[in-house]
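> Quick one: sequence and predicted model below, then my questions.
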Amino acid sequence: MSSMVSRLVRRFRESVRWRADALRQRSRAWKRDRKVRDAKRKARPVIDQLLAMKAAHSGRPFCGILLIEHIGDIIACEPIIAQVRASYPNAFVVWIVKTQFASLVANHPNLSAVVCVDSFLTVEAIIDARVFDHAVDLHVNSKPTDIAGRTYRKTVGDPTIDAETYLGNGSLLRSFSLAAGMAPRPAAPTLYVPPEAIAAIDACSLPESFVVVHAAAGTTGEKNWSPNKWRDVVRYIVEHYDTDVIEIGLEPIIDFKHARFRTLCGQLSLMETAELIRRSAFFLGVDSGPAHMANAWRRPALLLFGRYRGYDTFNPFDGYYRERSESVILRYRGTLTEQPSDSVINALEASRLWKEARVRVRRSDPVK
């Protein structure tokens, strides 16, 4: 009798837990759907802004390029602008982007306007509104949004190119072109630096010769190397070469003190960073936004790549770093943090691009 009572009590408790879990799930789904509805309502002013632009330029094709993040993605896909212009020479072309990345395209001579948004859900609402005559949605399907459990739902282009598969489709430009339903056309990216960014770098009192180091990709730790190993490499450079080393990024990674090492982390805007890289003798870093800037400027470089999401041969670049990939990309068949610092130093010394850069990076006697 007692065992029967125990079973009934257990079943009752399980039933209560199941009902409670179901209620919690429904509550989370309701809150998520409410956040989605609120986000799409907030998109209305942006849609109205676009409709006003379209009305003001009636008679011209109204084209939208939609890619709201990140630094490397936007730079890699800059050639899309020329492709859209070639298809619609008289078009009014708008780039939709997040505010923090708008400067990457704000000065582009072939864009008619840049419109800022704050979320993927706004992008969904813009596309659903059919405000553009021709919408080029470069986002891959199923990217995470700022609402937990809600991914980006792609309705134009090719939704089979998603957050899990895009790495297997070639460079970022090729993969995102396919995602947009466009024929991929390999092309090198171009950056347009505003005068104020040039003036800001002029004021930095830069040395005649310097190497730029970017030690950490902002989006994922999987692309990053060990700070201590970066310190080993920087120490080697300043002790063996008569050149300065400047670290860039959001926050300092390399804990090292030397008269010819300085950090400008957190001190530069995006376009100031681009201008600094343009002036460098050599770029040393990982797969990151600043690496795409260096590619646009055709800076000689050594980039550290490890296994990323199961891929050992992924090359995100078109242009210079694809043409010179064997010289530029140092691959490690495993987690990048496991790569020894000695192998990077040896690769640097063996690099033809490093040797070519020695016109400005002169060898000196090692510090005793």
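Alright, I've got the coordinates. Residues are numbered from 1 along each chain as shown.
> Just the CA coordinates for stretch 318-328, please, in PDB.
Output of stretch 318-328 as PDB, limited to C-alpha atoms (Å, rounded to 0.1, in the frame of the first residue of the first chain):
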ATOM      1  CA  ASP A 318      39.700  38.400 -51.500                       C
ATOM      2  CA  GLY A 319      42.300  40.600 -53.100                       C
ATOM      3  CA  TYR A 320      45.900  40.800 -51.800                       C
ATOM      4  CA  TYR A 321      45.600  38.300 -48.900                       C
ATOM      5  CA  ARG A 322      44.100  35.700 -51.200                       C
ATOM      6  CA  GLU A 323      46.700  36.300 -53.900                       C
ATOM      7  CA  ARG A 324      49.500  36.000 -51.300                       C
ATOM      8  CA  SER A 325      47.800  33.600 -48.900                       C
ATOM      9  CA  GLU A 326      50.700  31.200 -48.700                       C
ATOM     10  CA  SER A 327      53.000  34.100 -47.600                       C
ATOM     11  CA  VAL A 328      50.500  35.900 -45.400                       C
END
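> So what touches that stretch?
Under the criterion CB atoms under 8 Å, 6 or more residues apart in numbering, residues 76, 79, 171-174, 186-189, 291, 294-296, 298, 301-303, 315, 317, 329, 351-353 lie in contact with stretch 318-328. C-beta: built from backbone N, CA, C; applies to glycine.
> Now do the buried residues in it.
318-322, 324, 327-328 (16 or more other CB atoms under 10 Å).
> what two of these are the furthest from one another?
318 and 327 (16.1 Å; CB to CB).
> which residue sits closest to residue 64, ignoring its sequence neighbours?
residue 132 (3.9 Å; CB to CB, 6 or more residues apart in numbering).
> What strands line up against the helix or strand hosting residue 302, and which way round?
Residue 302 belongs to strand 301-305 when assigned by DSSP states H and E. Applying DSSP bridges, strand 301-305 is found paired with strand 282-286 (parallel), strand 329-331 (parallel).
> which helices and strands does whichever helix or strand comes after the shortest one pack with?
Next in sequence after strand 329-331, counting helices and strands by DSSP H and E, comes helix 341-350. Judged by 3 or more CB pairs under 8 Å, 6 or more residues apart in numbering; DSSP states H and E, helix 341-350 is in contact with helix 227-240, strand 301-305, strand 329-331.
> try 7 Å
Packing contacts for helix 341-350, counted by 3 or more CB pairs under 7 Å, 6 or more residues apart in numbering; DSSP states H and E, involve helix 227-240, strand 301-305.
> I'd like those as JSON lines, with mean pLDDT appended.
What follows is the helices and strands packed on helix 341-350, written out as JSON lines (pLDDT from 0 to 100):
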{"stretch": "helix 227-240", "mean pLDDT": "96"}
{"stretch": "strand 301-305", "mean pLDDT": "98"}
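> Pick the most buried one from the ones you listed.
Stretch with highest mean neighbour count among those: strand 301-305 (a mean of 24; mean count of other CB atoms under 10 Å).
> mind checking how far that one is from the chain centre?
Centroid separation for strand 301-305 versus its chain: 16 Å, with CA atoms, centre = their mean, to the nearest Å.
> next helix or strand past the strand holding residue 302?
Following strand 301-305 toward the C-terminus (DSSP H and E): helix 320-323.
> From the chain's centroid, how far away is that following helix?
The answer for helix 320-323 is 18 Å, by CA atoms, centre = their mean.
> what is the mean pLDDT for that helix?
Helix 320-323 shows a mean pLDDT of 98.
> Thought residue 248 was touching residue 264, still the case?
Yes: the criterion here is CB atoms under 7 Å, and residue 264 meets it with residue 248 at 5.6 Å.
> Which of the two has more residues huddled nearby?
residue 248 (25 against 18; other CB atoms under 10 Å).
> Show me what that one bridges to in the sheet.
residue 214.
> Adding mean neighbour count as columns, could you present the strands paired with strand 301-305 in JSON lines?
Below are those laid out as JSON lines (neighbours: other CB atoms under 10 Å):
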{"stretch": "strand 282-286", "mean neighbour count": "25"}
{"stretch": "strand 329-331", "mean neighbour count": "20"}
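> element containing residue 196, please.
helix 195-202.
> Give me the neighbour count for residue 276.
By other CB under 10 Å, neighbour count at residue 276 equals 22.
> which residues sit in contact with it?
Residues in contact with residue 276 (CB atoms under 7 Å, 6 or more residues apart in numbering) are 201, 212, 248, 268.
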